[in-house]
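Undergrad: Sequence and computational prediction follow.
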Amino acid sequence: MMTPTTFDDAFTALNGCKSLFARDVREVSELMLRIRLVEARAQNKVAVPPPWATEDVAAIFKDARPVEPDETSLVFEIVFKPETIVSYVVLNESCGCYPKPPEVFTGKLFREFQKSHLLDFIRANTCASDEYPGKLRHFEIVSENEVFDIIATAAPEIAHGQWRQVQGQPDW
């Protein structure tokens with residue numbers, strides 16, 4: 001069961017997570033973007049090296065712990081409404097780089113930029129501005145495999161719950 005939450009509470013909860021995995025990303029209708037995330041953390045069990053591992057690779061796994069969801073993990077459903085979306089980009093996280101000055105943002109895994117190269121790009125290369133369709137906001141979600149950058153005129157709607165409550169359900 002997912003419970004709607006305020007943006008501020010969700011911002012705090014998402015940034016309190018050690019790690020996030022995107023479980024489902026889609027346009028549920030035209031320009032209505034839904035991102036479902038599950039919290040993950042290092043587990044107590046030992047990571048098992050892959051069958052192809054050489055002795056050197058297997059040694060790396062000796063003290064390794066898998067990062068994955070567990071029964072206590074939080075889940076989040078983030079929905080950007082179509083009337084608010086200007087642009088969104090999905091980036092392979094291994095191709096991303098940490099924001100650099102003059103970029104300014106708050107947050108860790110769920111960020112809101114006050115100044116960013118993407119906001120500058122949108123303003124310079126589209127008809128979108130703070131006047132039309134409205135004040136532009138840049139949100140970024142950093143997961144283990146993807147980075148989502150969304151330019152919108154309003155914060156998303158966010159609901160949260162527990163992994164044990166949604167695990168095994170469709171789209172999770």
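TA: Cool, the structure landed. Numbers count the residues shown, from 1 in each chain.

Undergrad: could you give the mean pLDDT of stretch 43-63?
TA: Averaging pLDDT along stretch 43-63 yields 87.

Undergrad: can you give me the helices in this structure?
TA: Applying DSSP state H to the chain gives helices spanning 7-15, 55-61, 117-125, 163-166.

Undergrad: how close does the residue in the chain sticking out farthest from the centre get to residue 62?
TA: No residue in the chain sits farther from the centre than residue 55, which is 35.2 Å out by Cα atoms, centre = their mean. Distance check for residue 55 against residue 62: by Cβ to Cβ, to the nearest Å, it reads 11 Å. Quick note: C-beta positions are derived from backbone N, CA and C, even for glycine.

Undergrad: Could you pull out the buried residues of stretch 69-80?
TA: Residues of stretch 69-80 classed as buried: 69, 73-78, 80 (neighbour count, 16 or more other Cβ atoms under 10 Å).

Undergrad: Make TSV out of those residues and add pLDDT.
TA: Below are those laid out as TSV (pLDDT from 0 to 100):
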residue	pLDDT
69	93
73	95
74	96
75	96
76	97
77	97
78	98
80	98
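
Undergrad: Columns distance to residue 16 on top of those residues, output as a markdown table?
TA: Formatted as a markdown table, these follow (distance: Cβ to Cβ, whole Å):
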| residue | distance to residue 16 |
| --- | --- |
| 69 | 15 |
| 73 | 12 |
| 74 | 9 |
| 75 | 14 |
| 76 | 11 |
| 77 | 17 |
| 78 | 15 |
| 80 | 22 |
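
Undergrad: show me what contacts the residue positioned nearest the centre of the chain?
TA: In the chain, the centroid-proximal residue (Cα atoms, centre = their mean) is residue 141; its distance is 3.1 Å. Residue 141 is in contact with 14, 20, 22, 35, 37, 78, 109-111, 147-148, 150, counting by Cβ atoms under 8 Å, 6 or more residues apart in numbering.
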